[in-house]
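S.K.: My questions concern the predicted model and sequence given below.
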Amino acid sequence: MTQVVTPNLKNFLANVPLFKGAPERALEVAASVVQPRNYESETVIFQEGDKGEALYILTAGMVKLSKVDLGGYEKTLTILQPPEFFGEMALLGNTTRSATAISLGNIQTYLLFADDFNKLIQTYPTVSLNLTTTLAQRLRGMDDEAQILSYKDAQVRVAFVLLRLYRSGVIELDKNGFATVKLTHQDLANLAGTSRETVTRALKV
Ligand code: CMP
């Protein structure tokens with residue numbers, strides 16, 4: 001089912017990393033096939049191991065992507081905000097979800113289903129290149145994280161997590177240079193691979 005293309009949606013999609021620099025026609029096609037879907041706060045959008053049918057373009061709110069390790073502890077891989085997209089990996093090679101996605105607050109998304117996604121990456125090299133770039137960025141992020149998280153000093157790990165959140169726009173500075181962190185100490189602990197108490201201690205120093 002295709003929908004009427006609104007200029008706003010097309011303009012929004014033009015800023016999504018998957019469609020940066022893509023031809024008008026690619027944006028028109030994408031805008032005509034994506035389906036809106038909203039989720040209430042703390043909803044499991046999909047779970048690690050689920051079959052993947054669509055990727056998600058985030059238009060409002062934040063999403064947490066996490067995995068549970070063998071010891072049963074949650075490790076947050078990343079927190080995304082608009083205009084990021086997620087859920088592309090399971091569509092590549094028709095595999096399962098590599099992580100669980102949960103909404104942090106109410107969120108709005110657009111779903112791009114596998115068939116449409118495949119047609120877009122096959123037809124438009126820019127979209128395909130953008131996809132590769134995003135995957136490379138995520139790989140680089142994981143390499144950096146593996147290095148930093150091997151530090152024993154929890155303060156260093158918490159500092160790294162805060163810096164990464166700042167760089168990705170999740171943490172904003174006000175005009176006085178104070179940071180607004182819309183995440184709990186537990187969220188930060190899951191990102192830094194440490195306990196909530198350790199985060200609280202690290203932030204007090
Ligand atoms: P998919 O495997 O379909 O579902 C989980 C999604 O989480 C995955 O696609 C990516 O979009 C995203 N994801 C997985 N690992 C990472 C990571 N290390 N950094 C950022 N996003 C990730």
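M.R.: Looks like it arrived, so ask away.
S.K.: residue boundaries of the helices in this protein?
M.R.: If you assign secondary structure with DSSP state H, the helices in the chain sit at 7-14, 24-33, 114-123, 125-149, 154-167, 185-192, 196-204.
S.K.: Surely residue 44 and residue 66 touch.
M.R.: No - if you go by CB atoms under 8 Å, residue 44 and residue 66 don't touch, sitting 10.5 Å apart. Bear in mind the C-beta positions are built from the backbone N, C-alpha and C, glycine included.
S.K.: And the two? Which one has more around it.
M.R.: Neighbours per residue, other CB atoms under 10 Å: of residue 44 and residue 66, the larger number sits with residue 66, 18 against 11.
S.K.: counting contacts, what elements does the helix or strand of the chain with the lowest mean pLDDT pack onto?
M.R.: Per-element confidence for the chain was summarised using mean pLDDT, DSSP states H and E. The lowest value among helices and strands belongs to strand 179-180, with a mean of 80. Packing contacts for strand 179-180, counted by 3 or more CB pairs under 8 Å, 6 or more residues apart in numbering; DSSP states H and E, involve strand 172-173.
S.K.: Please work out the average pLDDT along the strand it packs on.
M.R.: Mean pLDDT, strand 172-173: 82.
S.K.: what does this structure have sitting close to the ligand?
M.R.: For the chain, the contact set with the ligand under CB under 6 Å from any ligand atom comprises 52, 65, 77-78, 86-90, 97-99, 138, 141-142.
S.K.: follow-up on the earlier one: are there residues contacting both of residue 44 and residue 66? Which ones?
M.R.: Counting by CB atoms under 8 Å, 6 or more residues apart in numbering, the shared contacts of residue 44 and residue 66 are 100, 102.
S.K.: thinking again about what came up before, please name the strands paired to the least confident helix or strand of the chain in the sheet, noting orientation.
M.R.: Strand 179-180 sits in its sheet next to strand 172-173 (antiparallel), going by DSSP bridges.
S.K.: Give me the distance from the strand it pairs with to the chain's centre.
M.R.: 19 Å (CA atoms, centre = their mean, to the nearest Å).
S.K.: and what of stretch 145-155?
M.R.: Relative to where its chain is centred, stretch 145-155 has its mean C-alpha point 22 Å off (CA atoms, centre = their mean).
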